[in-house]
Each structure stands twice: as structure tokens, then as C-alpha cells.
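Undergrad: just to be clear, the model below is a prediction. Sequence and coordinates:
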Amino acid sequence: MAQPARAIVIGGGIGGLTAAAALHRRGWEVTVLERARSLEPVGAAISLAPNALRALDAIGIGDEIRDLANWQGDGGLRTPGGRWLSRSSAEAAARFGGPLVLLPRTTLVARLAALLPPGTVRTATTATLADPGDATRPARVSAGGEELEADLVVGADGINSRVRSALFPAHPGPVYAGFTTWRVLIPVPGAEFASHETWGRGRIWGTHPLKDGRVYAYAAAMTPAGERAPDDEKAELVRRFGDWHDPIPAVIAAARPEDVLRHDVHHIARPLPAYHRGRTCLLGDAAHAMPPTLGQGGNQAIEDAIVLALPHSRLRSSGGTPISADLAAYTAARLPRTTEIARRAVQVARLNMARSRAVVAVRDTAIAALSKAGPALFLRSFDGIADWRPPYASEQAHADRR
């Protein structure tokens with residue numbers, strides 16, 4: 001009896017675990033190598049748009065995630081003084097064929113990991129790509145003093161990907177986007193509010209309730225790379241956002257200094273020439289890190305994983321190995337889409353992080369006018385993004401019926 005094809009996934013984040021789950025579902029033997037000591041993700045919460053939820057449907061957990069998450073409906077965009085520039089509604093779900101939901105990253109990671117057999121994930125394991133492989137030889141990975149061979153290696157090791165550097169050593173890698181971010185996920189007793197994002201001059205804030213009763217809040221500001229607060233990051237939030245509209249001061253007050261996460265934002269400004277070489281491919285931030293301004297970073301990693309894994313279902317029982325044409329098709333499907341979405345994310349960052357008073361005044365006036373003209377006009381920026389559907393959904397449905 002032929003042995004199943006073997007895949008090694010380097011990186012146990014959302015994209016890597018989705019790829020591992022999808023490959024396992026199709027009959028692959030999968031090993032996930034994660035350098036951190038646990039799968040506890042860095043970050044607080046994640047917003048999943050209809051495109052990512054449909055991708056998760058392909059591995060059987062889309063509805064479960066919808067049930068665990070808070071559906072984003074009532075809310076909108078505000079000014080620091082509290083004036084509403086636009087209001088969201090159920091029209092977004094109708095336009096894109098499903099809801100936008102929000103849930104803790106830990107919840108999503110736990111559900112993805114639960115799809116894998118015991119022993120699949122090896123934490124506290126630093127992995128190095130020793131050989132990307134080709135049509136005649138397997139790929140090789142050095143990990144924990146071992147050298148492992150695989151029919152496919154998936155580099156899902158984040159924005160500072162060592163796999164990317166090994167595949168494309170001449171690529172300049174990520175660059176600073178010009179702003180830093182803060183995030184908190186905390187209980188805020190007595191807080192009642194609609195979800196909102198607030199745009200100021202060179203600063204933004206977002207506040208969103210979660211289904212478990214906690215509040216997820218994030219902020220961003222234009223700062224020099226590497227700058228940190230002279231005291232603590234909670235105090236920095238007070239200085240920058242403490243006089244903005246309710247409930248922002250209450251959220252900051254409820255946070256402890258240790259609750260506040262701060263990270264500079266980097267992105268891949270120059271697209272890679274491909275997302276694969278030999279038997280090795282890249283996905284998520286390793287391939288196309290983008291600013292968080294469209295909320296699509298994790299969503300695109302999930303899409304990557306599904307598009308990568310499902311075409312190889314024909315290899316499930318044959319014990320065959322992926323050939324260069326399979327990964328070339330993955331690059332052809334994903335590189336143009338993710339490059340365009342990353343470009344839009346950069347454009348939105350320039351808009352919502354604008355510092356000029358004149359530019360901000362024009363921006364806010366235009367947003368308010370578009371909102372009054374109809375929500376559909378304001379939602380057009382997500383056309384071609386949130387309405388995406390997995391191209392192999394029909395193949396998946398057919399395979400699941402067998």
C-alpha cells in the first residue's frame with residue numbers, strides 16, 4: 001500500500017494550522033514545526049470576513065467559528081469628537097454573502113489545532129529549510145537536530161520568514177509601514193457601545209465587543225520605527241487617545257499596563273517573484289505581509305492555505321508527490337490577488353493615517369457624503385475581497401461525498 005504524501009509546515013500560526021488541517025483532511029501526513037513554546041498566538045483578536053469564513057467552510061469549521069464569534073453589525077466610523085461619519089448595517093452581509101465576525105485569536109487557533117491528530121504539532125522547534133527540493137528529490141528541513149524529508153514544505157513562518165529568505169535571498173524583505181499599533185483584549189465593566197473605528201490625524205482607534213463579554217480595542221499612530229513609551233504603553237495611550245470620545249477613555253482606564261501589546265507595523269512593499277520554489281511554498285505574512293488597515297492579513301493566510309491544499313486532493317490515495325505545476329498554479333492563483341489587496345491596504349493606511357488638517361477635512365467630508373449616498377457606495381472598497389469563494393469548493397464537496 002502506497003504511503004501518504006508528507007508535508008512539513010514551518011510555523012504554527014493561523015495560516016500554517018489551516019494549511020496543516022486542509023492537507024490532513026486530504027490524506028496527507030503532516031508535521032507542524034513551531035519555534036514558540038506553545039501555540040498561544042501573539043495578538044488579541046481577529047476579524048474574519050466572509051471570504052475567510054467560506055475558506056474555513058472547506059475544512060468543516062466555518063459554521064462553528066460563526067457560532068463562536070461576535071457578528072459585526074451595528075457600528076461605524078467616527079471622528080475623535082464622537083461624530084459619526086458612517087454607520088454600518090446588515091447591508092454588508094447581504095452584499096458579500098455572509099457576516100463579518102470577530103473572535104479571540106486563541107479561539108481560532110485552538111479550533112484549527114483540534115483538527116489535527118495528536119503529535120502533529122511540535123512546539124519549541126526551530127526549523128531551517130535545508131533544501132527546497134525539486135521534481136526529482138524531496139525537500140529537506142533541519143529541525144531540532146534532525147533532518148526531515150518531505151514531499152511539500154509550507155513556509156508559514158511570518159513576516160520575518162527564514163523560509164522566504166532561503167527561497168529568495170535577493171528580496172529586500174519587509175519594510176516599516178510608518179506606524180505602530182497597540183492592542184488590548186480586556187473586560188470593561190459597564191461599557192455599552194456600538195462597534196466603531198475612529199480616525200483622527202495620524203491616529204486611529206477601534207473598539208469592538210466580543211461574544212464572551214470582553215472588549216477588543218486597537219490603536220495606531222504614526223511614529224518613528226522602534227519608538228517606545230518612556231514609562232509604559234498604557235500611559236502612552238492616555239496621552240494619545242485619552243481625550244477622544246467615549247468609550248475610549250474607559251477602555252484605556254480598564255487596561256493594566258501589561259494588557260497593552262505594542263508592535264510596529266511592517267509590510268512587504270516589493271512583491272515576491274513567486275510564492276514557491278521547488279517543493280517549497282510560502283503563505284500568509286511570509287509571502288505577502290500587509291498593513292492591517294483592511295483587516296485582511298489573517299484572512300488572506302486562510303485563503304492561501306485552502307487554495308494550496310485542496311488541489312492536491314488527487315494525491316491523497318496515490319502516494320504521489322506534488323509537482324512544480326501544482327505549486328506554480330498556487331502562485332498563479334494567489335500572487336496577483338494578494339498583491340492587489342496589499343496595495344489597497346497601503347492606500348487605506350495613507351488615508352486613515354493622514355496627518356494634514358486639510359487632507360483629514362477632505363477625507364472626513366468625502367466619507368460622510370458617501371455614507372449619506374448609500375452604504376453600498378462605501379462598501380465598494382471590499383468588492384473583489386470579501387466576496388471571494390474558494391475555487392475548489394466543488395471539488396471539496398464532491399470528495400466529501402465519496
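TA: Looks like it came in fine. Numbering: from 1, shown residues only.

Undergrad: any idea which residue sits dead centre in the protein?
TA: Note on the chain: the residue nearest the mean C-alpha position is Gly298, at 1.1 Å, using C-alpha atoms, centre = their mean.

Undergrad: identify the residues contacting it.
TA: 14-15, 46, 48, 52, 284 (C-beta atoms under 8 Å, 6 or more residues apart in numbering). Any C-beta I mention is one placed from the backbone N, CA and C, and that applies to glycine too.

Undergrad: quick one: it from Gly98, how far?
TA: Separation of Gly298 from Gly98 (C-beta to C-beta, to the nearest Å) stands at 16 Å.

Undergrad: how about the longest helix seen in the chain, which residues are buried there?
TA: Counting residues, the longest helix found in the chain (DSSP state H) is helix 324-352. Applying a neighbour-count criterion of 16 or more other C-beta atoms under 10 Å, the buried positions in helix 324-352 are 326-327, 330-331, 333-335, 337-339, 341-342, 344-346, 349, 352.

Undergrad: continuing past it, what's the next helix or strand?
TA: Sequence order places helix 357-373 as the next helix or strand after helix 324-352, per DSSP states H and E.

Undergrad: what comes up buried for that next one?
TA: Applying 16+ other C-beta under 10 Å to helix 357-373 flags 360, 363-364, 367-368, 370-371 as buried.

Undergrad: send the alpha carbons of it over as PDB?
TA: Taking C-alpha atoms only, helix 357-373 is exported to PDB below (Å, rounded to 0.1, in the frame of the first residue of the first chain):
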ATOM      1  CA  ARG A 357      -5.500  69.000   8.600                       C
ATOM      2  CA  ALA A 358      -6.700  69.800   5.100                       C
ATOM      3  CA  VAL A 359      -6.400  66.200   3.900                       C
ATOM      4  CA  VAL A 360      -8.300  65.000   7.000                       C
ATOM      5  CA  ALA A 361     -11.000  67.500   6.500                       C
ATOM      6  CA  VAL A 362     -11.500  66.500   2.900                       C
ATOM      7  CA  ARG A 363     -11.300  62.800   3.900                       C
ATOM      8  CA  ASP A 364     -14.000  63.100   6.500                       C
ATOM      9  CA  THR A 365     -16.300  65.100   4.300                       C
ATOM     10  CA  ALA A 366     -16.000  62.600   1.500                       C
ATOM     11  CA  ILE A 367     -16.700  59.600   3.800                       C
ATOM     12  CA  ALA A 368     -19.800  61.300   5.300                       C
ATOM     13  CA  ALA A 369     -21.000  62.100   1.800                       C
ATOM     14  CA  LEU A 370     -20.500  58.600   0.500                       C
ATOM     15  CA  SER A 371     -22.300  57.200   3.600                       C
ATOM     16  CA  LYS A 372     -25.300  59.500   3.000                       C
ATOM     17  CA  ALA A 373     -25.400  58.500  -0.600                       C
END
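
Undergrad: contacts for that helix, please.
TA: Contact with helix 357-373 is made by 76-77, 79, 85-87, 199-201, 351, 354, 377-378, as judged by C-beta under 8 Å, 6+ apart.

Undergrad: now tabulate the residues you listed in TSV and tack on pLDDT.
TA: TSV is the format used below for the contacts of helix 357-373 (pLDDT from 0 to 100):
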residue	pLDDT
Gly76	88
Leu77	93
Thr79	97
Leu85	92
Ser86	88
Arg87	83
Trp199	97
Gly200	97
Arg201	97
Leu351	95
Ala354	97
Leu377	58
Phe378	62
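
Undergrad: among the residues you listed, name the buried ones.
TA: Buried members of the contacts of helix 357-373, counted by 16+ other C-beta under 10 Å: 76-77, 79, 85-86, 199-200, 354, 378.

Undergrad: which of these fall within strands?
TA: 76-77, 85-86, 199 (DSSP state E).

Undergrad: okay if I get those residues as a markdown table plus distance to Arg214?
TA: Putting those into a markdown table (distance: C-beta to C-beta, whole Å) gives the following:
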| residue | distance to Arg214 |
| --- | --- |
| Gly76 | 21 |
| Leu77 | 22 |
| Leu85 | 26 |
| Ser86 | 25 |
| Trp199 | 24 |
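
Undergrad: you'd agree Leu33 is up against Ala150?
TA: No. Leu33 is not in contact with Ala150 according to C-beta atoms under 8 Å; the separation is 10.6 Å.

Undergrad: mutual contacts of those two, please.
TA: 8, 141.

Undergrad: number of nearby residues for Gly81?
TA: The local packing of Gly81 (other C-beta atoms under 10 Å) involves 10 other residues.

Undergrad: isn't it up against Asp246?
TA: No. With contact defined as C-beta under 8 Å, Gly81 does not reach Asp246; the gap is 10.9 Å.

Undergrad: overlap in contacts, those two.
TA: By C-beta under 8 Å, 6+ apart, no residue touches both Gly81 and Asp246.

Undergrad: returning to what we had before: now, which of the contacts of Gly298 sits nearest Gly206?
TA: Ile46 (12.9 Å; C-beta to C-beta).

Undergrad: what's the helix or strand that contains that closest one packed up against?
TA: Under the criterion of DSSP H and E, Ile46 resides in strand 45-48. The elements that strand 45-48 packs onto, with contact taken as 3 or more C-beta pairs under 8 Å, 6 or more residues apart in numbering; DSSP states H and E, are strand 101-104, helix 105-113, helix 297-309.

Undergrad: using PDB, write out every CA atom in the host helix or strand of Gly178.
TA: Using DSSP H and E, Gly178 sits in strand 175-186. The C-alpha coordinates for strand 175-186 follow below in PDB (Å, rounded to 0.1, in the frame of the first residue of the first chain):
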ATOM      1  CA  VAL A 175       9.900  47.500   5.400                       C
ATOM      2  CA  TYR A 176       8.400  49.700   8.100                       C
ATOM      3  CA  ALA A 177       4.900  51.000   7.300                       C
ATOM      4  CA  GLY A 178       5.400  54.200   9.200                       C
ATOM      5  CA  PHE A 179       3.100  53.500  12.100                       C
ATOM      6  CA  THR A 180       2.900  51.400  15.300                       C
ATOM      7  CA  THR A 181      -0.100  49.600  16.800                       C
ATOM      8  CA  TRP A 182      -1.500  48.900  20.300                       C
ATOM      9  CA  ARG A 183      -4.000  46.200  21.200                       C
ATOM     10  CA  VAL A 184      -5.900  45.100  24.300                       C
ATOM     11  CA  LEU A 185      -8.400  42.400  25.000                       C
ATOM     12  CA  ILE A 186     -10.000  43.000  28.400                       C
END
